[in-house]
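**Q** Below are the sequence and a predicted model for it; my questions follow.
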Amino acid sequence: MSLFSTPQALSDTDRHQRRHMLARLGLAWLAMMQVMMFAFPGYLRHEGMAPENLQLLDQAIILMNWVSLLITVPVVLYCAQPVWSGALNRLAQGRVSMDVPVALGIAVAFIPSVHTTWVGVGEVYFDSVAMFVAFLLTARYLELCARQSVEAGGAHAAIEAFRASMSERANRLAFWFVAIQVALAIVAGAVWWLYIDPGHAVPVMVAMFVMSCPCAMAMAVPSTVSAAHASLAARGPVSDSDVTQLVQVATRVTRQNLYGSVVWHLLMTPLAAIGLVSPWVAAISMLLSSMAVAGNAWRMYRQQLRTASAGWSTTVAQSGA
Amino acid sequence: MTSSLLLLIPIALVFVILIGALFWWAIFAGQFDNTNEGGESILKDDDRPQTPDSSSREKGS
């Protein structure tokens, strides 16, 4: 039974929700690839080019920025819709969830890019926005599939309890992280503007905004939860002590992911503040940290499968003896 | 160069919108609901040896 085939006993609303999530995910990936392609000329541009080439390239870049904007608007409005509604719901309740920093991250990368496109001068980060949304939706879709494919039971309840407690911690951490990063970005931008070099103020600020996207942190809990569910589904019936052990391993991996991504961002922030990290390097660093988080969850899943099959073969050997 | 871009980019955009719309339709038509179904269907064939009676009926129908 594949993780991606819809379970038979699923209510109509769940089935509909799953189809919508898949549509959001697929369209986000489609848009991401298109926007990355249209962003490519922007990365080729440098001041050492011949003036007439530079002029021609700038014209092309302006055109491509508008097309990127056109493709990114549905990503932000439709694909990222669960993020907006989640953030608004939680804020209305006076609480903070992972959606709030994520929404903030999307907004601080998207709005300056719209302004840049309108003015026609500067760099745009539509590719970062689309990438962020696509990766985040991938993690959430995997989590949804894993959750729906596991029937309710003791093990399932234990993992849900683990998810709730870990999410709480991750949400608080990500909220303070983003709040501090945004404040630092504004301070660094102001310092560059007033004292160092006004021309560099905006790139420095945007690089720090891009790095304030808690992409890796937002993926930390969902990716581990889906790995835990998937390994449970692959193992068949398990004992209580196996579940306790699985939750312990999942907690450790989630902590590694959360604190690892915070440390990575903390290392990059001073470099960005002194102007060594250009915004596209910041976007790639964000991508790498998300990949590392996903890879760590995948490693945990493989490890669990190996332990399970080792345990199974010893049982068989013992019963054979 | 700009004039060719003005032609090619809208074509690319039309393709993206077309593919997105087709994908959307495929999802809500249920094509991705069970991706194993097609592969499993060959295992669910009726493999009982056919009697001359049933084969003649199949030919007839």
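**A** Received the coordinates, thanks. Numbers count the residues shown, from 1 in each chain, chains lettered A, B, ... in the order given.

**Q** check whether the longest helix along chain B contacts chain A.
**A** Using DSSP state H to define each element, chain B has its longest helix at helix B:2-28. Yes: counting by C-beta under 8 Å from any C-beta of the partner chain, chain A is contacted by helix B:2-28 at B:2, B:5-6, B:9, B:12-13, B:16, B:19-20, B:23-24, B:27-28. Heads up, the C-betas are built off the backbone N, CA and C, glycines and all.

**Q** Can you pull the residues of the stretch 51-200 of chain A lying near chain B?
**A** A:56, A:59-60, A:63-64, A:67, A:70-71.

**Q** farthest-separated two in these?
**A** The distance between the two most remote of those (C-beta to C-beta) is 23.0 Å, for A:56 and A:71.

**Q** more neighbours, the two?
**A** More neighbours surround residue A:71 than the other of residue A:56 and residue A:71, with 25 against 14 (other C-beta atoms under 10 Å in any protein chain shown).

**Q** Give me the buried positions along the helix or strand where the more buried one lies.
**A** If you go by DSSP states H and E, residue A:71 is part of helix A:51-74. Buried residues in helix A:51-74, counted by 16 or more other C-beta atoms under 10 Å in any protein chain shown: A:57-58, A:60-61, A:63-72.

**Q** from the residues of the stretch 51-200 of chain A next to chain B, which is closest to residue A:121?
**A** Closest to residue A:121, out of all of these and judged by C-beta to C-beta, is residue A:59, at 12.7 Å.

**Q** How about the contacts made by that closest one?
**A** residue B:2 (C-beta atoms under 8 Å, 6 or more residues apart in numbering or on different chains).

**Q** swap in residue A:103?
**A** Residue A:103 touches A:80, A:83-84, A:87, counting by C-beta under 8 Å, 6+ apart.

**Q** and if you look at residue A:179?
**A** residue A:101.

**Q** Give the buried residues for the helix or strand hosting it.
**A** Element membership of residue A:179 [criterion: DSSP H and E] is helix A:154-191. Across helix A:154-191, burial judged by 16+ other C-beta under 10 Å covers A:155-156, A:158-159, A:162-163, A:166-167, A:170-171, A:173-175, A:177-178, A:181-182, A:184-185, A:188-189.

**Q** what ranges do the helices span in chain A?
**A** So, for chain A - with DSSP H - the helices run A:12-44, A:51-74, A:81-92, A:99-119, A:126-149, A:154-191, A:198-211, A:215-235, A:240-273, A:279-320.

**Q** Of those helices, flag the one that's most buried.
**A** helix A:215-235 (a mean of 25; mean count of other C-beta atoms under 10 Å in any protein chain shown).

**Q** for it, packing partners?
**A** For helix A:215-235, the contact count by 3 or more C-beta pairs under 8 Å, 6 or more residues apart in numbering or on different chains; DSSP states H and E identifies helix A:99-119, helix A:126-149, helix A:154-191, helix A:240-273, helix A:279-320 as packing neighbours.

**Q** and if we set it to 6 Å?
**A** With contacts defined as 3 or more C-beta pairs under 6 Å, 6 or more residues apart in numbering or on different chains; DSSP states H and E, the packing partners of helix A:215-235 are helix A:126-149, helix A:154-191, helix A:240-273, helix A:279-320.

**Q** How about residue A:249, nearest residue that isn't a chain neighbour?
**A** residue A:300 (6.3 Å; C-beta to C-beta, 6 or more residues apart in numbering or on different chains).

**Q** thinking that neighbour is in contact with residue A:226, fair?
**A** No: Residue A:300 lies out of contact with residue A:226 (C-beta atoms under 6 Å); the separation is 10.5 Å.
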